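>>> predicted model, plus sequence, below.
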Amino acid sequence: MKPFTKIFFLFLIVLFGQTSYATNYYVAVNGNDLNLGTSISLPFATIAKAITKASAAGDTIFVRSGTYIISATQRITRSGTAARPIVLTAYKPDLVSAASRPVFDFSSMAVSSSNQGFILSGASYWNLYGFVIKGAGDNGMLLQSTCHHLKIEFCSFTRNRDSGLQIRSGSHHCLILNCDSYENADLGTGTTSSGGNADGFAPKLDVGDSIIFRGCRAWMNSDDGWDGYLTAIENGLPDKMTTILEDCWAFKNGYYWLDGSTTSSQNGNGFKMGGSANKDQGHHFVVKKCLSFKNKAKGFDQNNNAGSMYLYNNTAVQNGDYDYGLNSSGVTYVAGANLSVVNCISFGIKGKTIRTTGGGSIINTNNSFITSITTNNNFISTDSTGASGSRNLDGSLPTLNYMRLLDASSYIDAGKILDSIPYHDSIGIPFYGTKPDLGAFEKEKVTTYTFNANGNWSAQSNWLYHNSPPETMISGSTILIDPISNGSCVLDKPYSVSPGCFMQVNNNKILLIPSYLIQNN
């Protein structure tokens, strides 16, 4: 019996000790669903086929660039693991710009509350990267049935017939990173709600805890940029919902993208932080270094939220109603519902309204709220042109001069140090100088100054981001002379360069030095 026992034991080791290997699948517009799909030369033609095949933790679906016409909802129900998530990603060698991401076009769908583009239902540990979802008959993407630990990165949701991305029914611990949701509208043929449902991002109704948006934008959606309205208690779910936003922009919401029109149903808030029918549900919102401008209604809206709201280093500009509307009446606050507004600025028609009583502690400090904006010594530019421009290839937001601080700004080093506030998975909101600046954009301590125009050194506008070198160059800094084509930099003032700094004139560029450069020894 002993030999048999030993052989049987070894068989069990082989049977149960086998390693499950992940599989790569490929999808391309010139593919064929009869292919094996496991090599780039024999790809599938449809994302639906690849989703049915990607069933094991660690599997990856690579989608080649191109437009995929899809008429049916794509459903994801399987799960990966924390160590081995399932990945659905653009094939990165194809990406030469944000415009080269694969597009899933659902525009042939009928308008219907059941016609989402993608539904993730009960799925966990998925990473989704680098594609565009367009034209679905309802949400572009819906997370439901307690989805959790999902990462959605560098994706866009546009011209869907309800919210671009909606998160609900207990879904929790999801990171939405560097995503855009724009021009979504429940208006036109087949709709009855007059534009009042299609938000950019909708962590709402019965959403779960720990939903994080980072580096995201929402613009020109028919309803709100972000909407956190709740019905959770009525549905029997626990009152524990926290949504966190960092470095997000919301602008020009509340209008129909097709013609710029609006109706009374289109709310048009930038960040709507909760609310409920009986004004008694707490959706805890934490909003850090976010920008809200030119929305139809409020920039940052309490909307009867009965939970805690923490707003740190935010900027609101020229919204149609209050830039900060944080004084809802008739609210029954949940236990410990705090309000903190710190290091924020606004320049709008109505400014702010912030409650002084109700709920838990109320902190309103180191803010500046002004009801008009003019070009002054605080900002490089008050022109928002380019805010909806293409993202960088790494998914990061475009760099604009809009609402960024000049060297002479009175908002520099005027904030409160927030060294206990979580930010980007670390503790403490970082800053340069002695204290944080006010608003969403910290004035960086520049060590490289780039001349990128044509003309005099002394003209601040000739330097990148208007950051001209100081009167005396300090050690460890760099001056880069890189005029535009056929341009030159003219050193039209005496200038001292200290030991330990560096000046570089790029190839085929011109620096004209009449007699002013002094080398300190």
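Perfect, I can see it now.

>>> for the residue nearest to I373 when sequence neighbours are not counted, give the beta-bridge partners.
Leaving out its chain neighbours, the residue that sits closest to I373 by CB to CB, 6 or more residues apart in numbering is F347, at 3.5 Å. Bear in mind the C-beta positions are built from the backbone N, C-alpha and C, glycine included. Per DSSP bridges, the residues bridged to F347 are V317, I370.

>>> next, count neighbours for F347.
Other residues lying near F347 total 23 when counted by other CB atoms under 10 Å.

>>> do I have it right that it meets F379?
No. The pair formed by F347 and F379 falls short of the contact definition of CB atoms under 8 Å, at 9.3 Å.

>>> state the pLDDT value of T192.
Each residue has a pLDDT score; the one for T192 is 80.

>>> show me where pLDDT drops low in the stretch 401-521 of the chain?
Within the stretch 401-521 of the chain, the segments meeting pLDDT under 70 span 446, 472, 474-475, 515-521.

>>> find the least confident helix or strand in the chain, judged by mean pLDDT.
In the chain, the helix or strand scored least confidently by mean pLDDT, DSSP states H and E is helix 2-16, which has a mean of 41.

>>> downstream of that one, the next helix or strand is which one?
Per DSSP states H and E, the first helix or strand lying C-terminal to helix 2-16 is strand 24-27.

>>> what comes up buried for that following strand?
Buried residues in strand 24-27, counting neighbours by 16 or more other CB atoms under 10 Å, are found at 25-27.

>>> phi, psi of the nearest residue to G275 once chain neighbours are set aside?
Using CB to CB, 6+ apart and skipping the chain neighbours, the partner closest in space to G275 is N303 (3.6 Å). Here is the backbone geometry of N303 (degrees, to the nearest 10): phi 50, psi 40.

>>> kindly report the same for Y182.
Y182 adopts backbone torsions of phi -150, psi 150, taken as degrees, to the nearest 10.

>>> what residues are up against the residue lying closest to it once chain neighbours are set aside?
Spatial nearest neighbour of Y182, chain neighbours left out: W219 (4.8 Å); criterion: CB to CB, 6+ apart. By CB atoms under 8 Å, 6 or more residues apart in numbering, the contact set of W219 is 182-183, 200, 225, 249-253, 387-388.

>>> could you identify the most distant pair in those residues?
E183 and W249 (14.9 Å; CB to CB).

>>> and the most centrally placed residue in the chain, what is it in contact with?
Nearest to the mean C-alpha position of the chain, counting by CA atoms, centre = their mean, stands C216 at 1.1 Å. C216 is in contact with 176-181, 201, 245, 248-249, counting by CB under 8 Å, 6+ apart.

>>> and it, how far is that from R161?
Distance of C216 to R161, given as CB to CB, to the nearest Å: 21 Å.

>>> which regions of this structure sit below the pLDDT cut-off?
Using pLDDT under 70, the chain drops low at 1-20, 233-239, 374-376, 446, 472, 474-475, 515-521.

>>> quick one: neighbours of the nearest residue to F379 once chain neighbours are set aside, just the number.
Taking CB to CB, 6+ apart, and ignoring the residues beside it in sequence, F379 has M403 as its nearest neighbour in space, at 5.8 Å. Residues near M403, counting by other CB under 10 Å, number 24.

>>> let me see the contact set for M403.
By CB under 8 Å, 6+ apart, the residues touching M403 are 291, 293, 315, 317, 379, 381-382, 439-441.

>>> and those, which of them are in strands?
291, 293, 315, 317 (DSSP state E).

>>> in this structure the second one contacts F300, no?
No. F293 is not in contact with F300 according to CB under 8 Å; the separation is 11.3 Å.

>>> shared neighbours, those two?
Counting by CB under 8 Å, 6+ apart, the common neighbours of F293 and F300 are 270, 316.
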